[in-house]
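*Asks:* A structural model of the following input is requested.
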Amino acid sequence: MQLLHFLKANHSIYVSLSDSSDDDCVKANHKIAATRPILKSGRLPATRKYLVPVAAIMTVVLIFVLLKSDESSNPIRLSKEELMKIEETHRKHDLVRKEVEMKLNHIDSVKANNSDKLPPRKFTGKTAYTMCRSGAGNCVQRYARIFPFLVAAPKYKLMACLIQKSMHTVMSAIMCYLFREKEFISHGRSILANNNFCEKKNRHGNVEGMIIHLNITDLSAWKFIMVTREPVDRFLSGFLDRCIRAGDSCNGCGNNMTCFLEIEYERALDFAYAERMHFEKPALSFEDLHIFPQTWHCSMQRHYDYKFIRYSSDPSETLLEDLSRVLRAQNVSDSSIDYIAKSLKSGRTAHSTVTTSARAFLEQRLRSSPYLMELLVRLFYHDYIMLGYEMPKLDNDA
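*Replies:* Below is the predicted model:
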């Protein structure tokens, strides 16, 4: 309710951006950065907020609300051509998954590029906590602003903020199912193989825009959820997905994990520093979106009232229990919850890397290296603290 009062009191209009794919997130961050004036010194002027009077654009907003207000209760049907395209993607799902597993189980190149001797810890004698709390470790700051990716199921007053490599694909499909349940089932959709069946109709660029778009009058009735992932697990998944499966350049490191982690840490420091000093922020890469701290997503510095749901590679563990509890609280039917549960237990997404030989090799190398684990803690310290994961014990921790 405080947020609603804030919106009304300031007479501000927040536009809901609904094109928030990975590429859109990159473009949005570029656009936001590009609109900031830069002084000759390289600094920006002090941050200023410009409020747009409601009266000046009330007509536009009224038309927008009238056109969109019934969208959740009367979803727009897809054309036959669109449905055929989605069906074709569904049929290719298993083939893609098998190809990914085959690629990540042939790891001669991965071993060859990740067998060099690693240096010792830089901050020997300090625990993870003292290293970061003292400032000596130059640990990455708690918050920075990455364009959020929100999806809503208005019928159930449920919003999920999606984070790359934290069940992003699956949660997008679950929220799509809750948004268009009848069509999702009638067209034979699968949560694991869904390919944007909702066509971005339930996406929003920020909470303020969602409130206006959906004409929400009581935000307290809504539940905000966010799937989180243990930082080592998430980092490995992101590295395997972008640098081995997709074959991206990965900051010029290829499939060398040490090089990639070192450069991502430096990129995160640069991004956070630019925001803190009001400089133009560096452009985000796809790798950044998959690696940068989870606390930088979802506007957590302004909206911290999330129900955290822990990712687990085996959904029968904490994930399903936590998710089912939230869905029941929002009056999702038992049959719908059962459908979601059965879907999650039926297999993995096409890009899953958790069971591959490359994953096993790289995880052993990462966890057995004091240098790499120290660097990872310096990058994800606040993810461990704020999301409630057990802090890794470095070589001299008790």
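
*Asks:* Distance of the residue positioned nearest the centre of the chain relative to Glu374?
*Replies:* Nearest residue to the geometric centre of the chain (Cα atoms, centre = their mean): Ile163, 0.9 Å. Distance of Ile163 to Glu374, computed by Cβ to Cβ, to the nearest Å: 24 Å. The C-beta positions use only the backbone N, C-alpha and C, and glycine is treated the same way.

*Asks:* The residue nearest to the centre of the chain: which element?
*Replies:* If you go by DSSP states H and E, Ile163 is not part of any helix or strand.

*Asks:* what about the helices in the stretch 151-300 of the chain?
*Replies:* Assigned by DSSP state H, counting those that start in this stretch, the stretch 151-300 of the chain shows helices spanning 168-179, 181-186, 207-213, 231-239, 257-276, 286-291.

*Asks:* now for these, which one comes closest to Leu150?
*Replies:* helix 207-213 (6.2 Å; Cβ to Cβ).

*Asks:* Which positions within that closest one qualify as buried?
*Replies:* By neighbour count on 16 or more other Cβ atoms under 10 Å, the buried set for helix 207-213 is Val207, Glu208, Gly209, Met210, Ile211, Ile212, His213.

*Asks:* which helices and strands does it pack with?
*Replies:* The helices and strands touching helix 207-213, judged by 3 or more Cβ pairs under 8 Å, 6 or more residues apart in numbering; DSSP states H and E, are helix 2-10, helix 54-68, strand 150-153.

*Asks:* where among those is the average confidence lowest?
*Replies:* For these, mean pLDDT drops lowest on helix 54-68, to a mean of 37.

*Asks:* Let's have the helices of the stretch 151-300 of the chain in TSV, adding distance to Tyr381.
*Replies:* TSV is the format used below for these (distance: least, Cβ to Cβ, whole Å):
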stretch	distance to Tyr381
helix 168-179	23
helix 181-186	40
helix 207-213	26
helix 231-239	9
helix 257-276	11
helix 286-291	15
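
*Asks:* a markdown table for those, including distance to Ala329 and mean pLDDT?
*Replies:* A markdown table is the format used below for the helices of the stretch 151-300 of the chain (distance: least, Cβ to Cβ, whole Å; pLDDT from 0 to 100):
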| stretch | distance to Ala329 | mean pLDDT |
| --- | --- | --- |
| helix 168-179 | 14 | 92 |
| helix 181-186 | 18 | 83 |
| helix 207-213 | 19 | 94 |
| helix 231-239 | 26 | 96 |
| helix 257-276 | 35 | 98 |
| helix 286-291 | 30 | 96 |
